[in-house]
Structure formats: structure tokens, C-alpha cells
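Chemist: predicted model, plus sequence, below.
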Amino acid sequence: MSRLLLIETSTALCSVALAVDGKVAATRESDQPRAHAAMTAPFIKGLLDDAGMLASDLDAVCVSGGPGSYTGLRVGVSTAKGICFAAGVPLLAVGTLDVLVQQARDNGLVPDGCRYVIPLLDARRMEVYTAVFSPDGQLLTEVEPRVIDADSFSAERAGGPVLFIGDGAAKCSEVLAGPQTRFVQTFPHASAMLGPAMREFEAGNFKDTAYFEPFYLKDFIATVSRRKLF
């Protein structure tokens, strides 16, 4: 029996789940702004307490490895590492875009005859983090930051039904809309990590807990507030 803790904090949604024997047993989530640091650890403790488990009873901890929000990824990865170090359990990581594709498959969101599933993670303005996947979850292109315009994904949109999914889907729908496109505005949820996490777990693809870093895709740029504090 496998017991996996799943942590997804790469976007505005703070989401954790506990999976037992290949099924999601419980979840806790909040989209309260900028609350990941305050909520992630209490959510995890609540899940374990409700299940009558200790962290040391886990077989692995899986965290969303990016791309996504710099701060969100740091919170998720540092929390996962802390649990793994303290409890002596292995660390897994799965790509955020893979989670969105799995979410589409789990929830029956892939339209009939779909040729491509394209996750869109909001990166502000008209930029997204994205890649092209097949309907069965195979990565077909590199993960990249991309500024969306009317010509974006023109070849994929011309080839048949396409699903765009993620928290950047709505803002892109006006420029990418067409008879062959479907848009699902959603955050990645920890429960959708189960499929990719189980594949990594069964393959023994554990991360080096000391040296693992999330895939930020772009360098973090600190800005100076324009507000006068004094």
C-alpha cells in the first residue's frame, strides 16, 4: 500500500492531498491571496491527523516542480524538503504542466477528437508558461515562456480540436478562440498530481532532497516598491 503526500503551490491555489493505495483520500485547498506560507504546513498536518498518520508513515512526498510562481514554488519545495528530511522519506517532483494535462484527463475535459492539450500558466500580461502535449499526456515540445498573440499555436489549432487549460486560459481565449478550440480556466490541483506521482514513485525516480530545485523557467526579478514608507 502506497501513501503519498501531494503538494501543489505553483499558482494562486494552495492545494495539498493525501493519496492512499493509488486513490486520493483527502484534500485541503485555499485560493486566499499570498497565503501559501501560512497554510501549506497546517493543511498537511490536518490531513495527516485526520488519517491517523505521522509523516514517517508516508512512502514519499511529491511536490509540483514548476514552472509557476516563484514564491509558491519555494514554499512548496521547502515544505516538502523539510518533511522528507525530518521523516526520512523520499522526495518526488512532477511538472506543473503535466499536472494540468492529467487534470484534464481525470475530469473528462479532453474533447472528442482532440489533437493537442496545451496548458497555459499565467505569467502576467499576455505571457504564459506553456508546452504542447498529446491527449494521452506525452510532452511534444519544450516547456517555454511565450507571449500569446493571434498567431500563437496556429499549426496546432489548424490540425483539429485543441484544449487550452490553466489559469492563463481565460486571458488567452479572445486571441486564440476558434471553432476547434476549447478553454478551461482552472488552477492545478494536488489531487491531479496522483497519476504522474505514482508513475514516478513506481519507477523509483526520487529526487535528491538536498539539491533539488524547482524549475522556475525564468529568473526571479526583485522590484522596488514605489510607495513611500516614510
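Modeler: Happy to help now that I have it.

Chemist: make it CA atoms for all contacts and neighbour counts henceforth
Modeler: Fine.

Chemist: any idea which residue sits dead centre in the protein?
Modeler: Geometric centre of the chain, nearest residue: residue 96, 3.1 Å, by CA atoms, centre = their mean.

Chemist: I figured that residue hits residue 66, correct?
Modeler: Yes - between residue 96 and residue 66 there is a contact under CA atoms under 8 Å: 5.0 Å.

Chemist: show me whatever sits in contact with both of the two.
Modeler: The contact sets of residue 96 and residue 66 overlap at residue 10 (CA atoms under 8 Å, 6 or more residues apart in numbering).

Chemist: show me the domain layout of this protein.
Modeler: Residue ranges for the domains of the chain, per automatic domain parsing: 3-95+188-203, 97-185.

Chemist: first vs last residue of the first one, how far apart are they?
Modeler: In other words, domain 3-95+188-203. End-to-end distance for domain 3-95+188-203, by CA to CA, to the nearest Å: 15 Å.

Chemist: figure out how far it is from the centre of its chain.
Modeler: Centre-to-centre, domain 3-95+188-203 and its host chain are 11 Å apart (CA atoms, centre = their mean, to the nearest Å).

Chemist: and for the last one?
Modeler: On the basis of CA atoms, centre = their mean, the separation between the geometric centre of domain 97-185 and that of its chain is 14 Å.

Chemist: now it: average pLDDT?
Modeler: In this model, domain 97-185 has an average pLDDT of 96.

Chemist: and that domain, end to end?
Modeler: 14 Å.

Chemist: what's the answer for stretch 149-159, then?
Modeler: Using CA to CA, the two ends of stretch 149-159 sit 18 Å apart.

Chemist: export the lengthiest helix in the chain as PDB, just CAs?
Modeler: In the chain, taking DSSP state H as the definition, the longest helix is helix 70-87. C-alpha atoms of helix 70-87 as PDB (Å, rounded to 0.1, in the frame of the first residue of the first chain):
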ATOM      1  CA  TYR A  70       8.500  31.800  -7.800                       C
ATOM      2  CA  THR A  71       7.200  32.300  -4.200                       C
ATOM      3  CA  GLY A  72       4.700  29.500  -4.500                       C
ATOM      4  CA  LEU A  73       7.200  27.000  -5.800                       C
ATOM      5  CA  ARG A  74       9.700  28.000  -3.000                       C
ATOM      6  CA  VAL A  75       7.000  27.400  -0.300                       C
ATOM      7  CA  GLY A  76       6.000  24.000  -1.700                       C
ATOM      8  CA  VAL A  77       9.500  22.700  -2.300                       C
ATOM      9  CA  SER A  78      10.900  23.900   1.100                       C
ATOM     10  CA  THR A  79       7.900  22.400   2.900                       C
ATOM     11  CA  ALA A  80       8.300  19.100   1.000                       C
ATOM     12  CA  LYS A  81      12.100  19.000   1.700                       C
ATOM     13  CA  GLY A  82      11.500  19.700   5.400                       C
ATOM     14  CA  ILE A  83       9.100  16.800   5.700                       C
ATOM     15  CA  CYS A  84      11.400  14.500   3.800                       C
ATOM     16  CA  PHE A  85      14.400  15.400   5.900                       C
ATOM     17  CA  ALA A  86      12.600  15.200   9.200                       C
ATOM     18  CA  ALA A  87      10.700  12.000   8.500                       C
END
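
Chemist: tell me who's in contact with residue 12.
Modeler: Contacts of residue 12 (CA under 8 Å, 6+ apart): 31-34, 72, 187.

Chemist: and residue 114, how many neighbours?
Modeler: 17 (other CA atoms under 10 Å).
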